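1. Sequence plus predicted model, see below.
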Amino acid sequence: MRTLLLLQLILIVFACPVLAQRDCSSHTYLQQELLNNPLLKNDLDRIENYVRSHVTTRSGLAGKPQGSKIIVKIPVVVHILYHRSDENINDETVFSQIRVLNESFRRLNADTVNTPVAFRSVAADCEIEFQLATSDPQRRSTTGIIRKYTPVTRWNADDRMKLSAETGDDAWDANNYLNIWVCNMGRAAGYSSFPGGPAAKDGIVIAFNVFGINKKAGYELGKTAVHEAGHWLGLRHIWGDSYCGNDMIGDTPGQSSFTQGCPKGIHTSCNNGPGGDMYMNYMDLTLDACTNLFTEGQKERMWASFEAGGGRKSILTSYGLEPPLTNELPVPEEAPKWYAPHLYPNPANSDITLNLAYDSRWIGKTINVTNTQGQTIMTVFINSKSVKIDVRSLRPGLYFLSGKKDDGSVIKQKFIKL
């Protein structure tokens with residue numbers, strides 16, 4: 001009985017964090033980037049020092065008067081990477097995500113009424129809007145949505161989805177667009193780069209099942225992208241990613257750590273005063289139903305990123321929302337007819353064809369033909385997505401095709417020689 005209770009307790013302890021908090025990998029991603037590229041710290045420190053000085057002096061855009069009609073409009077391109085058909089989210093889901101971003105950053109969302117009285121005076125209309133791009137980098141007409149089949153079944157927070165060479169999709173010019181990659185992230189919800197990072201990897205990554213209005217419990221209101229867009233504009237987690245840490249914002253109370261689930265009432269930590277933790281801030285890890293504000297201090301910091309040294313200045317002069325120079329739409333990339341190795345005809349008499357169009361990374365690799373005793377009969381070099389193999393010299397019987405790529409994925413096919 002004690003053993004059963006202990007097992008149940010272990011399951012509860014390990015299961016609750018997964019079910020009760022948003023999984024943002026941005027801080028971990030940043031630390032790994034700094035480890036991989038120590039020189040990156042100089043760029044990030046330079047931008048951080050610039051932003052701090054401009055927030056302090058309230059100069060330029062960061063200090064623009066309240067009530068002004070200046071609105072920053074950010075061109076967005078959404079790269080949808082899908083392996084299964086359900087990962088290929090529809091246009092309506094993308095439109096819903098853009099709407100949620102705008103409602104949240106402009107404080108137009110209906111749940112602003114849930115902002116506690118103690119924090120309403122600092123809740124901000126950030127005067128930042130997001131729009132799907134109308135011109136691509138070649139100034140052709142675009143919907144701002146790219147769809148691309150990928151053989152990768154699950155991605156990690158390592159930027160490979162941002163590279164066509166890794167069967168992801170290359171970023172559009174980061175000086176002119178906010179790139180958002182939507183893909184299967186496994187259990188992770190998403191992550192973002194910060195101002196000053198490498199342009200080729202600049203942008204936001206969101207799990208397909210928490211993007212836009214969706215059915216994922218706790219994430220169904222599309223606020224994961226709001227959180228990650230805050231990081232993209234230079235905001236840190238509200239607890240400063242350490243116990244009672246510093247997020248560099250004056251009007252966000254200190255708090256001990258992230259907030260799990262969707263709490264109610266006042267929760268205090270770090271001697272943060274009568275209002276307690278600002279767990280309803282978009283930069284906490286609270287679930288969607290309980291997040292509803294950015295603060296004036298966070299707004300100032302985000303607006304400072306559009307200053308000359310803030311890291312996002314070029315977005316203000318982007319051509320991404322200008323009328324295209326040509327209305328010719330680029331030809332979309334077709335998905336393969338098969339999402340796995342396809343061997344035909346089978347049985348075969350003279351030759352067989354191995355179609356590997358689902359994963360072009362097999363090109364340049366080799367596969368072996370073996371008999372039922374495990375003996376290698378022939379080795380075949382893959383020089384195209386569709387390889388024809390001459391089997392006339394084989395004796396009638398059962399044979400196997402096998403191969404392995406660098407990433408560990410394998411081919412195992414069997415065929416009958418007549």
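-> Okay, I see it.
2. Just the endpoints, please. Distance across stretch 273-284?
-> One end of stretch 273-284 to the other measures 18 Å (CA to CA, to the nearest Å).
3. ok, and what's touching it?
-> Outside stretch 273-284, the residues within contact range by CB atoms under 8 Å, 6 or more residues apart in numbering are 104, 114-116, 118-119, 223, 226-227, 230, 235-239, 247, 252-253, 255, 258-259, 263, 266-269, 286, 290-295, 298. Bear in mind the C-beta positions are built from the backbone N, C-alpha and C, glycine included.
4. Of those, which belong to helices?
-> Among the contacts of stretch 273-284, the residues falling in helices (DSSP state H) are 104, 118-119, 223, 226-227, 230, 298.
5. between the residues you listed, which is nearest Pro330?
-> Val226 (29.3 Å; CB to CB).
6. What's the local residue count around the closest one?
-> Val226: 23 surrounding residues under other CB atoms under 10 Å.
7. Find the nearest non-adjacent residue to it, please.
-> Nearest non-adjacent residue to Val226, counting by CB to CB, 6 or more residues apart in numbering: Ser104, 4.4 Å away.
8. cool, and Pro345?
-> Ile352 is the one closest to Pro345 (CB to CB, 6+ apart), at 6.8 Å.
9. I'd assumed the one you found was in a strand, is it?
-> Yes. The assignment for Ile352 by DSSP: H, G, I helix; E, B strand; the rest coil puts it in a strand.
10. from memory it sits against Ile389, does it?
-> Yes. Checked against CB atoms under 8 Å, the pair Ile352 and Ile389 is within contact range at 5.2 Å.
11. any chance you could map the strands in the stretch 251-400 of the chain?
-> 342-344, 351-355, 366-371, 376-381, 386-390, 397-404 (DSSP state E, counting those that start in this stretch).
12. quick one, the longest one and strand 386-390 angle?
-> What it means is strand 397-404. 140 degrees (axes from the mean of the first three to the mean of the last three CA atoms, to 10 degrees).
13. Buried members of the contacts of stretch 273-284 into ChimeraX, please.
-> In ChimeraX syntax, the buried subset of those is picked out as below (16 or more other CB atoms under 10 Å):
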select :104,115,116,119,223,226,227,230,235,236,237,238,239,247,252,253,255,258,259,269,286,290,291,292,293,294,295,298
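14. that older thread, out of the strands of the stretch 251-400 of the chain, the one nearest Ala200 is which?
-> Going by CB to CB, the one of these nearest Ala200 is strand 397-404, 29.2 Å.
15. Flag every buried residue along the longest strand belonging to the chain.
-> What stands out as the longest strand in the chain, according to DSSP state E, is strand 72-82. Using 16+ other CB under 10 Å as the test for burial, strand 72-82 gives 72, 74-82.
16. Tell me the strands beside that strand, with direction?
-> Strand pairing for strand 72-82, using DSSP bridges, gives strand 128-132 (parallel), strand 145-149 (parallel), strand 178-183 (parallel).
17. Give me the distance from that strand to the chain's centre.
-> Centre-to-centre, strand 72-82 and its host chain are 11 Å apart (CA atoms, centre = their mean, to the nearest Å).
18. re earlier: can you name the two of the buried residues of strand 72-82 that sit furthest apart?
-> Distance extremes for these: the farthest pair is Val72 and Tyr82 at 30.9 Å, using CB to CB.
19. roughly how far apart are Lys162 and Pro253?
-> The spacing between Lys162 and Pro253, counted by CB to CB, to the nearest Å, is 35 Å.
20. go on, Ile47?
-> For Ile47, the distance to Pro253 (CB to CB) stands at 25 Å.
21. what's the answer for Phe119, then?
-> Noted for Phe119: a distance of 9 Å to Pro253, by CB to CB.
22. Just give the number of residues close to Met378.
-> By other CB under 10 Å, the residues close to Met378 number 14.
23. what sits against it?
-> By CB under 8 Å, 6+ apart, the contact list for Met378 reads 368-369, 389.
24. can you redo these as TSV with pLDDT?
-> Shown next, in TSV, are those (pLDDT from 0 to 100):
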residue	pLDDT
Asn368	95
Val369	95
Ile389	95
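25. Compare these and tell me which has the most neighbours.
-> Val369 (21 neighbours).
26. which regions of this protein sit below the pLDDT cut-off?
-> Applying pLDDT under 70 to the chain flags residues 1-22, 56-69.
27. Got the domain ranges for it?
-> 14-317, 342-417 (automatic domain parsing).
28. right, and those - which one's nearest Ala335?
-> domain 14-317 (3.9 Å).
29. roughly how far is that closest one from the heart of the chain?
-> With CA atoms, centre = their mean as the basis, domain 14-317 stands 10 Å off its chain's centre.
30. where do the helices sit along the stretch 1-150 of the chain?
-> Under the criterion DSSP state H, counting those that start in this stretch, helices of the stretch 1-150 of the chain are mapped to 2-20, 26-36, 40-57, 91-105, 117-120.
31. what residues does the shortest one touch?
-> Outside of helix 117-120, the residues that reach it under the criterion CB under 8 Å, 6+ apart are 274-276, 278, 280, 293, 295.
32. coming back round to it: can you add distance to Ala304 and give the strands paired with strand 72-82 back as CSV?
-> Supplementary listing: the strands paired with strand 72-82 in CSV, determined by distance: least, CB to CB, whole Å:
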stretch, distance to Ala304
strand 128-132, 12
strand 145-149, 30
strand 178-183, 17
